[in-house]
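**Q** 3D model of this:
(chains A and B)
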Amino acid sequence: NAGVTQTPKFRILKIGQSMTLQCTQDMNHNYMYWYRQDPGMGLKLIYYSVGAGITDKGEVPNGYNVSRSTTEDFPLRLELAAPSQTSVYFCASSLAQGEYNEQFFGPGTRLTVL
Amino acid sequence: KNEVEQSPQNLTAQEGEFITINCSYSVGISALHWLQQHPGGGIVSLFMLSSGKKKHGRLIATINIQEKHSSLHITASHPRDSAVYICAVWDGSEKLVFGKGTKLTVNP
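**A** Down below sits the predicted model:
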């Protein structure tokens, strides 16, 4: 099993450009998450999904959109990139939700907006 | 909302030393997670604790639910233990709340 995979690993965007960060998991997990990690800060939840067709906002959703058309894929869309979106983005998945459930993380995407 | 505080923020040790990283949280929970972020950036789960102590190799995690405190210990530390260690707790509704992490550097 590949686990959780993310593409691309690195990306530089200009202000106002758009891009999609891809996330795929092959563990048949229902729950998927997008986090951002800023220097010196804890991971912050952007969006999450409890299953195909169902998504919900996390703590910092502004400037992002998501979709979940299949169990495996959970892409994150940036429509108008801003310097404040410079961060490392992690996708994660878990079999179930709740505090007893382990989350499995992808390798991350380092995004710079100039 | 649960808030998570980790200490120290940075820790440098010599190979072989005993390491302790602390995590405190503000709202009572049933479970706490310890994660490791490798220098290359990948994040892996180390422990999920709901009470007492868990051991995996040279890593030991303890939790005191009443005092809202957990510790991660590393015995006989090694340079390959150099990483950022993160604790996380559930916020009571839909998500994990993460600490800022403790950056550990173990020198040979």
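**Q** other SSEs contacting the one helix or strand B:I86 maps to?
**A** In the assignment (DSSP states H and E), B:I86 maps to strand B:83-90. In terms of contacts (3 or more C-beta pairs under 8 Å, 6 or more residues apart in numbering or on different chains; DSSP states H and E), strand B:83-90 is packed against strand B:4-7, strand B:19-25, strand B:32-37, strand B:69-74, strand B:96-98, strand B:102-107. Bear in mind the C-beta positions are built from the backbone N, C-alpha and C, glycine included.
**Q** can you rerun that using 6 Å?
**A** If contacts are counted by 3 or more C-beta pairs under 6 Å, 6 or more residues apart in numbering or on different chains; DSSP states H and E, strand B:83-90 sits against strand B:19-25, strand B:32-37, strand B:96-98.
**Q** Adding distance to chain A, mean pLDDT and mean neighbour count, write these out as JSON lines.
**A** JSON lines is the format used below for the helices and strands packed on strand B:83-90 (distance: least, C-beta to the nearest C-beta, whole Å; pLDDT from 0 to 100; neighbours: other C-beta atoms under 10 Å in any protein chain shown):
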{"stretch": "strand B:19-25", "distance to chain A": "11", "mean pLDDT": "97", "mean neighbour count": "19"}
{"stretch": "strand B:32-37", "distance to chain A": "7", "mean pLDDT": "96", "mean neighbour count": "22"}
{"stretch": "strand B:96-98", "distance to chain A": "4", "mean pLDDT": "91", "mean neighbour count": "23"}
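**Q** picking that back up, who does the strand holding B:I86 pair up with?
**A** strand B:32-37 (antiparallel), strand B:96-98 (antiparallel), strand B:102-107 (antiparallel) (DSSP bridges).
**Q** which outside residues touch the shortest one?
**A** Okay, so that is strand B:96-98. A:42-43, B:2, B:4, B:86, B:88-89, B:91 (C-beta atoms under 6 Å, 6 or more residues apart in numbering or on different chains).
**Q** Can you name the residues of chain A that neighbour chain B?
**A** A:41-43, A:45, A:99-100, A:102, A:105, A:107-108 (C-beta under 6 Å from any C-beta of the partner chain).
**Q** I'd like these as JSON lines, with distance to A:T7, secondary structure and neighbour count appended.
**A** Converted to JSON lines, the residues of chain A next to chain B look like this (distance: C-beta to C-beta, whole Å; DSSP: H, G, I helix; E, B strand; the rest coil; neighbours: other C-beta atoms under 10 Å in any protein chain shown):
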{"residue": "A:M41", "distance to A:T7": "24", "secondary structure": "coil", "neighbour count": "13"}
{"residue": "A:G42", "distance to A:T7": "25", "secondary structure": "coil", "neighbour count": "19"}
{"residue": "A:L43", "distance to A:T7": "20", "secondary structure": "coil", "neighbour count": "28"}
{"residue": "A:L45", "distance to A:T7": "21", "secondary structure": "strand", "neighbour count": "22"}
{"residue": "A:E99", "distance to A:T7": "30", "secondary structure": "coil", "neighbour count": "17"}
{"residue": "A:Y100", "distance to A:T7": "30", "secondary structure": "coil", "neighbour count": "13"}
{"residue": "A:E102", "distance to A:T7": "23", "secondary structure": "coil", "neighbour count": "16"}
{"residue": "A:F105", "distance to A:T7": "15", "secondary structure": "strand", "neighbour count": "22"}
{"residue": "A:P107", "distance to A:T7": "10", "secondary structure": "coil", "neighbour count": "17"}
{"residue": "A:G108", "distance to A:T7": "11", "secondary structure": "coil", "neighbour count": "23"}
